[in-house]
Structure formats: C-alpha cells, structure tokens
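Engineer: one predicted model, sequence on top.
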Amino acid sequence: MIDPITGYVRVKAICLFVNGDLLLAIDGFDPTKRQRFWVPVGGRVEFGEVSRDAIVREVEEELSAEITELELLGVLENVFRFDGSPGHEIVFVYDARFVDSSIYERSQVAGIEGDEEFTAHWIDPNAPKNDWPLYPEGLPGLLNNESHRSVG
C-alpha cells in the first residue's frame, strides 16, 4: 500500500520532555476510530535534514522554544491506521530539556502546527487521560528505560 500523504515511509523525530513523572504531550483524535490519543512534540524529518536537526527545528517552530541536552533514546518503527488509511513511519525518539526552565512551571504549553493552534499538556504517561493511548507504539517502553532523565 502507498502512504496517502507521502507515498512512502515517513521519517519523524519526536522529543520526550519530562517534568518529574509527567510528559509533555499533544492530544489527537482519529475520527474513524472515534479515539483520542496522546503524542509527544515532534514532526517530519525533511529531505537532507538529519533527525537531530529536525527535532530542534520542530520544537522551535511548534513551541517557539529552544532545547538543550539532546539525547537519542531510540528509534521506533510504527505501522498504523489513521482515519482509515494506512501509515508507516520511522520515528527517532529524543530526550531534551527546554532552555527556558519556566516552561516546566506551566500546566499547559501553547503551540502551532502550520496554521493550527494546539495545546500541549503535562500528562502522566502511566495513567493517560481516559485511557487514551500514547503513540507511537513502543514509546512507553522507551519512557520506562532507566537511562531517561527527568526534570523537577
């Protein structure tokens, strides 16, 4: 099957911002499944761009924030269906810290993706709201890795 958006496997980079036991995540919705879910901040790796540069760019574009102490935690392969269409992505998962420590004091973080505004929330990844799953699949395993650092 061909990916309806790109025609090929997508490459993404996401970042796990941790504040004590909480993870910064954005809520999403699959209209076909009628399911809400959580995803970390991140986005597509552009042609000619390495994943490390992509996540720095994505955080700057989406949250207007600078990051530091970037560390690659792992790479996940995610084969899924969204809104009835197949998807396939390779996801580089990073850990980092915000340069502006006041972000960790906020209950929510405003962001923008293209023309769409969104709000990122500090969630407990071990007790997602209303049993909303955390995507991509395999992410909880990386979160529970003892080498992952936390803030706060």
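Structural biologist: Arrived safely, thanks for sending.

Engineer: my guess is I103 contacts V109. True?
Structural biologist: Yes. A contact is recorded between I103 and V109 when judged using Cβ atoms under 8 Å, the distance being 6.1 Å. To be clear about C-beta, it is placed using only N, CA and C from the backbone, and glycine gets the same treatment.

Engineer: need the overlap of contacts for those two.
Structural biologist: Contact criterion Cβ atoms under 8 Å, 6 or more residues apart in numbering; residues bridging I103 and V109 by contacting each: 63, 65.

Engineer: tell me which of these two has more neighbours.
Structural biologist: V109 (21 against 18; other Cβ atoms under 10 Å).

Engineer: that one in helix, strand or coil?
Structural biologist: Each residue gets one of three states, and V109 gets strand by DSSP: H, G, I helix; E, B strand; the rest coil.

Engineer: skipping its backbone neighbours, what lies nearest it in space?
Structural biologist: Nearest in space to V109, with sequence neighbours left out and distances taken as Cβ to Cβ, 6 or more residues apart in numbering, is A120 at 4.4 Å.

Engineer: beta partners of that neighbour?
Structural biologist: The residues listed as beta-bridge partners of A120 by DSSP bridges are I26, V109.

Engineer: again, but for G74
Structural biologist: In this structure, G74 has the following beta-bridge partners (DSSP bridges): V93.

Engineer: quick check: it touching V93?
Structural biologist: Yes. Checked against Cβ under 8 Å, the pair G74 and V93 is within contact range at 5.3 Å.

Engineer: what residues are shared contacts of the two?
Structural biologist: Overlap between the neighbourhoods of G74 and V93 consists of L142, taking contacts as Cβ under 8 Å, 6+ apart.

Engineer: the more surrounded of those two?
Structural biologist: The residue with more neighbours, out of G74 and V93, is V93; 24 against 14, by other Cβ under 10 Å.

Engineer: so what pLDDT did the spatially most central residue of the chain get?
Structural biologist: For the chain, P40 is the residue whose C-alpha lies nearest the centre (Cα atoms, centre = their mean; 2.2 Å). The model reports P40 with a pLDDT of 96.

Engineer: which SSE is it in?
Structural biologist: strand 35-44 (DSSP states H and E).

Engineer: kind regards, and thank you for your time.
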